[in-house]
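> sequence first, predicted model second:
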Amino acid sequence: MNFAQSETPTLANNLDSQAGRDRNAANRAAFMKPASPKLPHSKIVKTLVLAATAATLLTGCVTNPFAHYYQSYTNQMPASLQRRLLPPSGIPQVITTSVQNYNEEARHAQERGYIILGSTGFWGFNPTRGQVVEQAKKVGAELAIWASEYSHTEQGIRPIVTYQPGQTYTTQTYGSTTANAFGSGGYAYGSGTYSGESTTTSPGTVDTHYVPYERRIYNHGASFWRRIKPGIFGANFVPIPDDLRTKLQRNTGVFVAVVVQGGAAFKANIMRGDVIVQAEDKPVATVQELMDLLPSYAGQKVLFKVIRDAQTLEIQVQLNEEL
C-alpha cells in the first residue's frame, strides 16, 4: 500500500489535513498495496517474504516467527491518525488465506474500517495459529490476515549417531585346599577354602546411521489490523490505473479503490471504481489535491463530480467532521 495514495495508511478512512500532507512518513509504511485495483501475484509473493531476505532460519529456530520478524507501522503514523485508533477488544480474529487472495482480504478489512498496524514475513514450516494470535494481542490488533505459499522441498541426509554401552562381565573364583607337613617335630595337616570376584567392562561402540529426510518449506506473511474512527470522506484513493486512463482518455482524476462501510462516501453511494474529477467547483487532478481539499469541506454537504462506466455523475456527499 502507499500512504501517499490513500486516505489512511490502511486505506480505511480519510486522513486529516496534517496527515494528508505527511507523504514521506506515509511511504515508509508500505507492506503491500491492498488498495490497488490490481497487484500481480509475483509482487505479492515478493512482499510477503521481504522480511525473510536476510533471515535464512527455519521457523523452529525462533520462539515466535510472527514476532521475531515483525515490522511496526504505528510509530510512522502521524499523531493525528494515531488518535483515531480505537482500543482493541476481544480475542483477535485470524483470517487464513492464500497469497493470491491476500489483496481481496485486505480490501475487505479496509471496507470494514480497519487500519494496518504492522506486518511480518518469513520462510519456514509449522508456524501455528496460536502464534498469530499471540502476536496480534501483543501489538493490540483485532484482526490478523495470514497468507502462506509453498516455496520448495528440502531434501538431504541427516546423520543419526547412536551409542551402544559396553558390557560388564563379573568373574567369581572359589575353591578349597589342603596341606600336609612332616618334620622332626612330628606331623601337621591343614585345610581351607577361598573365594573372590573380578569385574571386566568391554568398551562401548558408536554407530552412525544416515537417514534421508524431506520437508516442505513455505513462505509466510501476516498483517495485523485495528479499527479506526471514521474519517471525513470514508474511502481510499489511488491514481487512475493505466488501463482505465487509456479507456477514459484522461490523466487527471482520483480512483476510488475502497469505500468504508457506513462512511460518508458509502451513504452517498460512491462506488469502488468511481473516478472523482471535481469537488464543488474545484477540479481534482491528483490524490494529494483531493486529500488537501477535503478538510476544508469537513462537516459540509459537497457536490462531487465522478465518472462511472464512462458516464459523468454528480453525487452530493455529507462529509464527516474532522477529528
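Received, thanks.
> how close does Arg245 sit to Gly221?
Distance of Arg245 to Gly221, computed by CB to CB, to the nearest Å: 30 Å. Yep, even glycine has a C-beta here, placed from its N, CA and C like the rest.
> who has more neighbours, the two?
Shown here are Arg245 and Gly221; by other CB atoms under 10 Å, Gly221 has more neighbours (28 against 16).
> mind checking which helix or strand the more buried one is in?
strand 205-227 (DSSP states H and E).
> tell me the first helix or strand C-terminal of that strand.
For strand 205-227, the following helix or strand on the C-terminal side (DSSP H and E) is strand 235-239.
> report all helices and strands that that next one contacts.
With contacts defined as 3 or more CB pairs under 8 Å, 6 or more residues apart in numbering; DSSP states H and E, strand 235-239 has these neighbours: strand 254-259, helix 287-293.
> before we move on, back to that, can you show me the CA trace of the strand holding Gly221 as CSV?
Once non-C-alpha atoms are left out, strand 205-227 reads as follows in CSV (Å, rounded to 0.1, in the frame of the first residue of the first chain):
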residue,chain,number,x,y,z
THR,A,205,30.6,-48.7,20.4
VAL,A,206,29.4,-45.6,18.5
ASP,A,207,27.4,-46.2,15.3
THR,A,208,26.4,-43.5,12.7
HIS,A,209,23.4,-44.1,10.5
TYR,A,210,22.5,-41.8,7.6
VAL,A,211,18.8,-41.2,7.3
PRO,A,212,17.2,-39.4,4.3
TYR,A,213,14.7,-36.6,5.1
GLU,A,214,12.3,-34.4,3.1
ARG,A,215,10.4,-31.4,4.4
ARG,A,216,8.2,-28.8,2.7
ILE,A,217,9.1,-25.1,3.1
TYR,A,218,6.5,-22.3,2.9
ASN,A,219,6.7,-18.5,2.6
HIS,A,220,4.5,-16.9,5.3
GLY,A,221,3.3,-13.3,5.5
ALA,A,222,0.9,-11.8,8.0
SER,A,223,-0.6,-8.3,8.6
PHE,A,224,-2.1,-7.0,11.8
TRP,A,225,-5.1,-4.6,11.9
ARG,A,226,-7.2,-2.5,14.3
ARG,A,227,-10.3,-0.5,13.8
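> show me how far it is from its chain's centre.
Its chain's average C-alpha position is 17 Å from that of strand 205-227, according to CA atoms, centre = their mean, to the nearest Å.
> distance of the spatially most central residue of the chain relative to Thr96?
Nearest to the mean C-alpha position of the chain, by CA atoms, centre = their mean, lies Ala222 at 1.9 Å. With distances taken as CB to CB, Ala222 is found 10 Å from Thr96.
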